[in-house]
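Student: one predicted model, sequence on top.
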Number of protein chains: 2
Amino acid sequence: MKENFFTLRTVMWDEGRVKMIDQTLLPGRFVYRSFARWEEVADAIRRLVVRGAPAIGVAAAMGIATAAVNSKATTRAQLQLELERAASGLRATRPTAVNLFWGIDRVMAVASRSKDVEGAREAVVQEVLKMADEDVEACKRLGRFGADLVEDGDTVITQCNAGALATVGYGTALGVIRAASEQGKCVKVIVPETRPALQGSRLTAFELSADGFSCTIVSDTAVGSMMQSGKVDLAIVGADRVTKDGYVFNKIGTYQVAVLAKRHEIPFYPAAPTSSFDLKRTHDQVTIEERPADEVVKIRGRRIAPKGVPVANPAFDMTPPELVTAIVTDQGIIKSPVQDNISTVIR
Amino acid sequence: MKENFFTLRTVMWDEGRVKMIDQTLLPGRFVYRSFARWEEVADAIRRLVVRGAPAIGVAAAMGIATAAVNSKATTRAQLQLELERAASGLRATRPTAVNLFWGIDRVMAVASRSKDVEGAREAVVQEVLKMADEDVEACKRLGRFGADLVEDGDTVITQCNAGALATVGYGTALGVIRAASEQGKCVKVIVPETRPALQGSRLTAFELSADGFSCTIVSDTAVGSMMQSGKVDLAIVGADRVTKDGYVFNKIGTYQVAVLAKRHEIPFYPAAPTSSFDLKRTHDQVTIEERPADEVVKIRGRRIAPKGVPVANPAFDMTPPELVTAIVTDQGIIKSPVQDNISTVIR
């Protein structure tokens, strides 16, 4: 009963419920959970049951779909009120990944085009099914574009989890690695554990080893050492938001990987579907989420630091465009200088 | 019963035994343990009961002293054989910090100058008492030199623990912070947790907060973010070995701090006593210790990664001299280019 992340889905619509792998239990237990109400979906997003920018975009949209199917509204106006309450609650879960807002806005726009309650319900459900399929297709297209940047025998360093588990399926950064592998290239992966939430060691190592990839876990402190000793050929990471001025917001630690890659002349490629691009905002208009201190001072429930010492726990950081070699997207490769070339690729 | 790391000692000679704080239990429990035989001291060094380059240098020397006092040898030759076996066993514990070899060599040289068994025993014990006192004095001198580099109101980032717990007492990097504080300067400290062994969150945060310093714990992934957001004025770290060509070997992650500091024009100061300098070797002649995989995939005994995934766990990294602003020593400040100036300061 081995998982195969080339094909399985992290987030699914299942007869009125949102069915998702509970990522807080990985790698110890592989369990799908179903969520019937938008409040439960919001809670799941907040607690990192589901995480990864594309995955939470679709999960949030599906959260609104649960509000639609559960609604007892008899008028379109009443339904609208309920959907807007769900949208507002889901928007408040996490501030940094733009996909969350993209997913919510997209499904709300579809709802607003239906004049009656039943039509709106039906349209919302159809839309989230479509979004889930599109997310997988986008990852596969992105993977194929990215695979051209990877050579047979390369060792890739990544950060966090930008894999099947961060999307509906297949993955962005890990989608590139999957696609390269499907082209017959042998690719090895160095996986920084990615404290505090350990998405590298818990999730990326899990999904890569499940799919038979050769990967090596390192502490986040060893990224520079790996590059210095010549063990890394390229860096491929995900993105929670790419702003119109070419800044890449991604999991905390990504900026360090980019700075070190620059020093060691290692190409640094963020991989992001169109839904991760925020062409309305510049980098100074993005909120970086500050997560609870307990994520840092407790590991899997066990305290590892003295009580009472303050903690700073920014969940994301920002990589400026001058450190980005190119951005891999589902519409093609955005070459450097990325800030000038985004608009020619992303439409 | 609050600890005060301005005055307490991490490693002591206690009537024929080596008495040390058990650092594997911190911050949860503050316990001194006594070790009567060199094999126990070697095991304590290997298991990180005692760690930190200056501390293990003195602990290893004291390990030889236990061999001397426990010896039933009746001839000088027999004692010599026993001391050499202890020295060889202690040398094999950890390869990177030069202080270990320095401490062993120093006490062995003293022993060799005594012609009779009782004289050698006495000389060895006297020498380790002197080494312990000298280590504290060296840290205090180093601290005073370094304090001139710190301004009132500065926020310092460090790495790992180069504090009282890494020395016999007072500390090197944290000794600079203590000395600045004793000069009336207000200093804040950002403490990266320093995976895998968590010497930052477990030890540095513990000793700094015990002494009333304002400190903030961050994940190792957040070092770049802290610098990018302007929260860091200078970096002060320890050193396990400084080679004659100016390379600084220190806890894994130090190199990344140095690279990021360079990018953000933040001064980067290793702080090291004379016993950390290896004026015989260049950087390519140093062995970097590879530690067990379990340090990375288990945290405080709890598994956080899938079974069977390979791990790379280098315990140290190497910072080249071009990233070093100056090295703070007990004999003065070695200014940049440090590789050219070491010999004018360290004698």
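Tutor: The structure has been received and is ready for your questions. The structure displayed is predicted, hence computed values, not measured ones. Numbering: from 1, shown residues only, chains lettered A, B, ... in the order given.

Student: contacts, neighbours, all on C-alpha from now
Tutor: Will do.

Student: A:K307 belongs to a strand, doesn't it?
Tutor: No: read with DSSP: H, G, I helix; E, B strand; the rest coil, A:K307 is coil and lies in no strand.

Student: run a quick neighbour tally on it.
Tutor: 13 (other C-alpha atoms under 10 Å in any protein chain shown).

Student: how close does it sit to A:I327?
Tutor: According to C-alpha to C-alpha, to the nearest Å, A:K307 stands 42 Å off from A:I327.

Student: quick one: A:T329 and A:Y269 touch, right?
Tutor: No: at 10.2 Å, A:T329 does not count as touching A:Y269 under the criterion of C-alpha atoms under 8 Å.

Student: closest point of the stretch 1-150 of chain A to chain B, which residue?
Tutor: A:P27 (5.6 Å; C-alpha to the nearest C-alpha).

Student: what is the neighbour count of that residue?
Tutor: 20.

Student: just the helices in chain A please.
Tutor: For chain A, applying DSSP state H gives helices covering A:38-46, A:53-70, A:76-91, A:98-112, A:117-147, A:173-182, A:199, A:205-210, A:223-228, A:254-263, A:294-297, A:338-345.

Student: would JSON lines of those helices with distance to chain B be doable?
Tutor: Formatted as JSON lines, the helices of chain A follow (distance: least, C-alpha to the nearest C-alpha, whole Å):
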{"stretch": "helix A:38-46", "distance to chain B": "20"}
{"stretch": "helix A:53-70", "distance to chain B": "19"}
{"stretch": "helix A:76-91", "distance to chain B": "25"}
{"stretch": "helix A:98-112", "distance to chain B": "20"}
{"stretch": "helix A:117-147", "distance to chain B": "24"}
{"stretch": "helix A:173-182", "distance to chain B": "17"}
{"stretch": "helix A:199", "distance to chain B": "10"}
{"stretch": "helix A:205-210", "distance to chain B": "6"}
{"stretch": "helix A:223-228", "distance to chain B": "6"}
{"stretch": "helix A:254-263", "distance to chain B": "6"}
{"stretch": "helix A:294-297", "distance to chain B": "7"}
{"stretch": "helix A:338-345", "distance to chain B": "20"}
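
Student: including mean pLDDT, distance to B:N161 and mean neighbour count, could those helices go into TSV?
Tutor: Output for the helices of chain A, formatted as TSV (pLDDT from 0 to 100; distance: least, C-alpha to C-alpha, whole Å; neighbours: other C-alpha atoms under 10 Å in any protein chain shown):
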stretch	mean pLDDT	distance to B:N161	mean neighbour count
helix A:38-46	98	33	22
helix A:53-70	98	35	29
helix A:76-91	98	41	18
helix A:98-112	98	38	21
helix A:117-147	98	41	21
helix A:173-182	98	35	25
helix A:199	98	26	30
helix A:205-210	97	29	23
helix A:223-228	98	19	22
helix A:254-263	98	21	24
helix A:294-297	96	17	20
helix A:338-345	97	40	16
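
Student: now those as TSV including distance to B:E122?
Tutor: Below are those laid out as TSV (distance: least, C-alpha to C-alpha, whole Å):
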stretch	distance to B:E122
helix A:38-46	65
helix A:53-70	67
helix A:76-91	73
helix A:98-112	71
helix A:117-147	69
helix A:173-182	64
helix A:199	56
helix A:205-210	55
helix A:223-228	44
helix A:254-263	52
helix A:294-297	46
helix A:338-345	71
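
Student: so which of the ones you listed is nearest B:S71?
Tutor: Closest approach to B:S71 among the helices of chain A is made by helix A:223-228 (43.4 Å; C-alpha to C-alpha).

Student: domains in chain A, by residue range?
Tutor: Chain A breaks down by automatic domain parsing into domains covering A:11-139, A:149-345.

Student: distance to B:V187 for the ones you listed - can I get that in JSON lines?
Tutor: Formatted as JSON lines, the domains of chain A follow (distance: least, C-alpha to C-alpha, whole Å):
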{"stretch": "domain A:11-139", "distance to B:V187": "32"}
{"stretch": "domain A:149-345", "distance to B:V187": "15"}
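
Student: ok, A:N250 - contacts?
Tutor: A:G238, A:A239, A:D240, A:R241, A:F316, A:D317, A:M318, A:T319 (C-alpha atoms under 8 Å, 6 or more residues apart in numbering or on different chains).

Student: the last one contacts A:K251, doesn't it?
Tutor: No: the pair A:T319 and A:K251 does not pass the contact test of C-alpha under 8 Å, sitting 10.4 Å apart.

Student: thinking again about what came up before, so which of the contacts of A:N250 is the most crowded?
Tutor: The residue in the contacts of A:N250 with the most neighbours, by other C-alpha under 10 Å, is A:G238 (32 neighbours).

Student: that residue contacts A:S276, correct?
Tutor: No: contact between A:G238 and A:S276 fails when scored by C-alpha under 8 Å: they sit 9.5 Å apart.

Student: where does A:K2 land on pLDDT?
Tutor: Predicted confidence (pLDDT) for A:K2: 69.

Student: that older thread, residues contacting the residue of the stretch 1-150 of chain A closest to chain B?
Tutor: Neighbouring residues of A:P27 by C-alpha under 8 Å, 6+ apart: A:R202, A:L203, A:F206, B:I304, B:A305, B:P306.

Student: what count of nearby residues applies to A:V31?
Tutor: For A:V31, the neighbour count with other C-alpha under 10 Å is 12.

Student: for the one 4 residues further on, same thing?
Tutor: Other residues within reach of A:F35, judged by other C-alpha under 10 Å, total 21.

Student: isn't it right up against A:V41?
Tutor: Yes: with contact defined as C-alpha under 8 Å, A:F35 reaches A:V41; the gap is 6.1 Å.

Student: can you tell me how far the closest residue to A:D330 other than its chain neighbours is from A:A180?
Tutor: Of all residues not flanking A:D330 in the chain, A:L142 sits nearest, at 3.9 Å (C-alpha to C-alpha, 6 or more residues apart in numbering or on different chains). If you measure A:L142 against A:A180 using C-alpha to C-alpha, the figure is 11 Å.

Student: again with A:A235
Tutor: To A:A180, A:A235 is 14 Å away according to C-alpha to C-alpha.

Student: now stretch A:333-340, how far from the chain's geometric center?
Tutor: Stretch A:333-340 sits 21 Å away from the centroid of its parent chain (C-alpha atoms, centre = their mean, to the nearest Å).
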